[in-house]
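# got a sequence here, can you build the structure:
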Amino acid sequence: MIELLLTIQLILSLLAVTARKELVGVLALGLFSLVSTVLFYLMDAPDVALTEAAVGAGVTTLIFVWVLRHTRSVSGRAQ
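Presented below is the predicted three-dimensional model:
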C-alpha cells in the first residue's frame with residue numbers, strides 16, 4: 001500500500017514539474033499533499049496528517065489558485 005502511494009506521489013510530482021498549464025501543476029501539488037496526508041496517517045502520525053491536510057492541501061492550494069487567477073486578470077488588463 002505504501003509503495004503504491006509513493007509511486008502515485010512520484011507521478012504527481014513529475015506532473016507538477018512538467019505541466020504546461022500552471023493550474024494543472026497547482027492541482028497536482030494539491031493532490032500530492034493529499035497523498036502525503038494518507039501516508040502520514042498510515043505511519044501513525046495523525047497530528048502531522050491533519051496539519052498536512054489543512055495547510056498543504058487546503059490553504060496552500062487555495063493561495064496558489066488565487067494567485068494564478070489574480071496574475072491572469074492583471075496580465076489580461078495590461079494587454
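
# switch to C-alpha atoms for all contacts and neighbour counts from now on
OK.

# spatially nearest residue to residue 9, not counting backbone neighbours?
residue 32 (5.7 Å; CA to CA, 6 or more residues apart in numbering).

# again, but for residue 22
Closest residue to residue 22 apart from its sequence neighbours, by CA to CA, 6+ apart: residue 68 at 7.6 Å.

# just the element for the one you found, please.
When elements are assigned from DSSP states H and E, residue 68 belongs to helix 60-78.

# same question for residue 31.
helix 22-42.

# who does that helix touch, helix- and strand-wise?
helix 2-18, helix 46-51, helix 60-78 (3 or more CA pairs under 8 Å, 6 or more residues apart in numbering; DSSP states H and E).

# sort out which residues of it are buried, please.
23, 25-40 (16 or more other CA atoms under 10 Å).

# list the residues that contact residue 34.
52, 53, 56, 57 (CA atoms under 8 Å, 6 or more residues apart in numbering).

# okay, the residues you listed in a markdown table with distance to residue 63 next?
Output for the contacts of residue 34, formatted as a markdown table (distance: CA to CA, whole Å):
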| residue | distance to residue 63 |
| --- | --- |
| 52 | 15 |
| 53 | 14 |
| 56 | 10 |
| 57 | 10 |
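
# and these as TSV, adding distance to residue 9, neighbour count and secondary structure?
Converted to TSV, those look like this (distance: CA to CA, whole Å; neighbours: other CA atoms under 10 Å; DSSP: H, G, I helix; E, B strand; the rest coil):
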residue	distance to residue 9	neighbour count	secondary structure
52	14	21	helix
53	15	20	helix
56	14	21	helix
57	13	21	helix
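
# about what we covered before: now render the helices and strands packed on helix 22-42 as a markdown table, adding mean neighbour count and mean pLDDT.
As requested, these are exported to a markdown table (neighbours: other CA atoms under 10 Å; pLDDT from 0 to 100):
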| stretch | mean neighbour count | mean pLDDT |
| --- | --- | --- |
| helix 2-18 | 15 | 95 |
| helix 46-51 | 16 | 95 |
| helix 60-78 | 13 | 80 |
